[in-house]
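[1] Just a sequence and a predicted model for now, questions to come.
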Amino acid sequence: MTEKNKLKYFRTMNNLTIKELSEKTGVSISAISLIENGKRVPSIYIVSRIAQALKVTERDLFPIRNNKSNPISRSA
(Lines give C-alpha, C1' and ligand atoms only; values in the text may rest on other atoms or scores of the structure.)
Protein backbone atom coordinates (compact mmCIF):
# COMPACT_ATOMS: atom_id res chain seq x y z
CA MET A 1 0.00 0.00 0.00
CA THR A 2 1.39 3.37 -0.94
CA GLU A 3 0.61 6.54 0.91
CA LYS A 4 -0.93 7.99 -2.26
CA ASN A 5 -3.31 5.08 -2.89
CA LYS A 6 -5.05 3.01 -0.25
CA LEU A 7 -7.61 1.39 -2.54
CA LYS A 8 -6.31 -2.16 -2.19
CA TYR A 9 -6.11 -1.81 1.60
CA PHE A 10 -9.75 -0.72 1.94
CA ARG A 11 -10.94 -3.24 -0.66
CA THR A 12 -9.34 -6.13 1.19
CA MET A 13 -10.55 -4.78 4.55
CA ASN A 14 -14.07 -5.02 3.10
CA ASN A 15 -13.36 -8.59 1.95
CA LEU A 16 -14.02 -7.68 -1.68
CA THR A 17 -12.32 -8.98 -4.78
CA ILE A 18 -11.59 -6.60 -7.62
CA LYS A 19 -14.47 -8.24 -9.52
CA GLU A 20 -16.90 -7.66 -6.63
CA LEU A 21 -15.83 -4.02 -6.29
CA SER A 22 -16.26 -3.62 -10.03
CA GLU A 23 -19.80 -4.97 -9.82
CA LYS A 24 -20.66 -2.63 -6.92
CA THR A 25 -19.26 0.47 -8.60
CA GLY A 26 -19.64 -0.05 -12.32
CA VAL A 27 -15.91 0.63 -12.69
CA SER A 28 -14.16 -1.94 -14.87
CA ILE A 29 -11.96 -4.62 -13.34
CA SER A 30 -9.00 -3.42 -15.39
CA ALA A 31 -9.48 0.19 -14.26
CA ILE A 32 -9.58 -0.82 -10.59
CA SER A 33 -6.44 -2.92 -11.02
CA LEU A 34 -4.62 -0.08 -12.76
CA ILE A 35 -5.66 2.39 -10.05
CA GLU A 36 -4.53 0.01 -7.28
CA ASN A 37 -1.16 -0.39 -8.95
CA GLY A 38 -0.68 3.34 -9.45
CA LYS A 39 -0.78 3.06 -13.24
CA ARG A 40 -3.96 5.07 -13.72
CA VAL A 41 -5.14 8.33 -12.19
CA PRO A 42 -8.88 8.08 -11.48
CA SER A 43 -11.39 10.83 -12.06
CA ILE A 44 -13.17 12.32 -9.08
CA TYR A 45 -16.34 10.54 -10.25
CA ILE A 46 -14.64 7.13 -10.07
CA VAL A 47 -13.04 7.87 -6.71
CA SER A 48 -16.45 8.90 -5.37
CA ARG A 49 -18.11 5.68 -6.59
CA ILE A 50 -15.38 3.53 -5.11
CA ALA A 51 -15.38 5.43 -1.80
CA GLN A 52 -19.15 4.99 -1.47
CA ALA A 53 -18.88 1.25 -2.13
CA LEU A 54 -16.11 0.89 0.46
CA LYS A 55 -17.86 3.20 2.96
CA VAL A 56 -14.87 5.52 3.25
CA THR A 57 -14.17 9.08 2.18
CA GLU A 58 -12.35 10.06 -0.98
CA ARG A 59 -9.51 11.39 1.17
CA ASP A 60 -9.27 8.04 2.96
CA LEU A 61 -8.53 6.44 -0.41
CA PHE A 62 -6.24 9.18 -1.73
CA PRO A 63 -4.73 11.32 1.04
CA ILE A 64 -3.86 14.77 -0.26
CA ARG A 65 -0.69 16.46 0.92
CA ASN A 66 -0.75 19.46 -1.39
CA ASN A 67 -1.98 20.36 -4.86
CA LYS A 68 1.18 19.10 -6.58
CA SER A 69 0.81 15.59 -5.18
CA ASN A 70 -2.94 15.30 -5.68
CA PRO A 71 -3.43 11.90 -7.35
CA ILE A 72 -7.01 12.58 -8.38
CA SER A 73 -7.68 13.87 -11.86
CA ARG A 74 -10.11 16.75 -12.26
CA SER A 75 -11.09 15.55 -15.73
CA ALA A 76 -13.81 12.97 -16.42
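    Here it is on my side, so go on.
[2] any weak-confidence spans in the chain?
    1-4, 65-76 (pLDDT under 70).
[3] which parts of the helix ranked longest in it are buried?
    Counting by DSSP state H, the longest helix found in the chain is helix 44-54. Across helix 44-54, burial judged by 16 or more other Cβ atoms under 10 Å covers I46, V47, S48, R49, I50, A51, A53, L54. For every residue, glycine as well, the C-beta is placed using N, CA and C.
[4] Name the residues that touch that helix?
    Contact with helix 44-54 is made by 7, 10-11, 14, 16, 21, 24-27, 31-32, 35, 42, 57-58, 60-62, 72-74, 76, as judged by Cβ atoms under 8 Å, 6 or more residues apart in numbering.
[5] For PyMOL, write a command that selects the buried ones of those residues.
    Typed into PyMOL, the next command selects the buried ones out of these (criterion: 16+ other Cβ under 10 Å):
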select buried, resi 7+10+11+16+21+25+27+31+32+35+42+58+61+62+72
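[6] Among the contacts of helix 44-54, which are located in helices?
    Per DSSP H, the contacts of helix 44-54 map to helices at L7, F10, R11, L21, K24, T25, A31, I32, I35, E58, D60, L61.
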